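Participant: need a structure here:
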Amino acid sequence: MRLLALATLVGCIESGVTAIDLDAIAVVNGDFDDIAATLARNDIGSVDFNGYIAQSTTWVGDEPPTRDDPGRTVESLFTEPVPGEGKFQIEKFNIVFLNSGTRGLNAFRYNYTMETDDSLLLDPTAMQNACDYVDGGGSLFVTDWSYDLIEFCWPDAIEFLEDDTAVDGAQLGVASTVLADIDDEALRELLGTSVINVEFNYSDFAVMEKVGSDTEVLVSGDVIYDPVGSEEPTVMAGAPLAVRIPVNRGQIVYSSFHMFPQTTVFADALLFRGLDGLERGDGDKSQEAAGE
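Facilitator: Numbering: from 1, shown residues only. Next comes the predicted model:
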């Protein structure tokens, strides 16, 4: 995707960024997913950045966290310079997890009438820093609605449904349980099976059609979606559901489904297979990287 406001950015310019430490991990909290739960279950430390569009839908208990809570924000992660170091906050982390429902990456705030919510996509600094971060050796794990960041920086890695230039254009999936194929041999060995149930707990998830030559399909299956301009649901046979994208010195994992509702066995296996180098117990220096 190349938005008009960012026409001056041509591709991703490699900046020579080198992640400072394998143990520095950031999680951007979003409305619809909670990857931090998978990390905590595996004793992986991380620091949170508030990226809620409105508020968490995965929170158990009263008063779920909202976009207005004080603290670190997704905007600061992508655009704030580190004083005196000549780099940006995102460059302090080896891995960044971007949950579905992160603000700034959407056409509209889904439950706030028609107010736009694409501030990060329209910020040249934020987008260039995201591209440079992975090109320079960073790892990015992205789920569902946050896909427009991948579409912007690496448009040939995944072919999403419908118009590539329209923000949220691929968000047409219908909630269902999919009996999916485990396409990746290493993931099959971790799981001990070649098929698995994948839960799409919300409709309007982003649908992938196919992938580029360098993109590795980890999981695929038949998904139901609502075509634009049609009243009849359609089945996308063999759609990629989770993929891994090697990018220069970095890597990206993207899943159309949320990690939070999957079985712990499946979510854990996808986490460690997708991110080369991640191990249980990592993340000890995350707080230090965040300046705490």
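Participant: Burial check on Gly45, number of neighbours?
Facilitator: One way to gauge burial is a neighbour count; for Gly45, by other Cβ atoms under 10 Å, it gives 16. For glycine as for every other residue, the C-beta is placed from the backbone atoms N, C-alpha and C.
Participant: Read off the pLDDT value for the residue nearest in space to the middle of the chain.
Facilitator: Averaging the C-alpha coordinates of the chain gives a centre point, and the residue nearest to it by Cα atoms, centre = their mean is Val142 (1.2 Å). Predicted confidence (pLDDT) for Val142: 98.
Participant: quick one: strands adjacent to the host helix or strand of it?
Facilitator: Val142 is located in strand 139-143, with elements delineated by DSSP states H and E. Paired neighbours of strand 139-143 in the sheet (DSSP bridges): strand 95-98 (parallel), strand 250-255 (parallel).
Participant: just checking, what packs against the helix or strand following the first one?
Facilitator: Put plainly, it is strand 95-98. Note on strand 95-98: by DSSP H and E, the next helix or strand toward the C-terminus is strand 106-108. For strand 106-108, the helices and strands in contact under the criterion 3 or more Cβ pairs under 8 Å, 6 or more residues apart in numbering; DSSP states H and E are strand 116-117.
Participant: which element follows the strand it packs on toward the C-terminus?
Facilitator: Scanning forward in sequence from strand 116-117, with DSSP H and E defining helices and strands, the next element found is helix 124-135.
Participant: tilt between that next one and strand 250-255?
Facilitator: Per axes from the mean of the first three to the mean of the last three Cα atoms, to 10 degrees, the angle that helix 124-135 makes with strand 250-255 is 100 degrees.
Participant: on that earlier part again, could you pull out the buried residues of the strand holding Val142?
Facilitator: With burial defined by 16 or more other Cβ atoms under 10 Å, the residues of strand 139-143 counted as buried are Ser139, Leu140, Phe141, Val142, Thr143.
Participant: again, but for stretch 270-289
Facilitator: Leu270, Leu271, Phe272, Arg273, Gly274, Leu275, Leu278, Asp282, Gly283, Lys285, Ser286, Ala289.
Participant: From the chain's centroid, how far away is that stretch?
Facilitator: Between the centre of stretch 270-289 and the centre of its host chain there is 16 Å, according to Cα atoms, centre = their mean, to the nearest Å.
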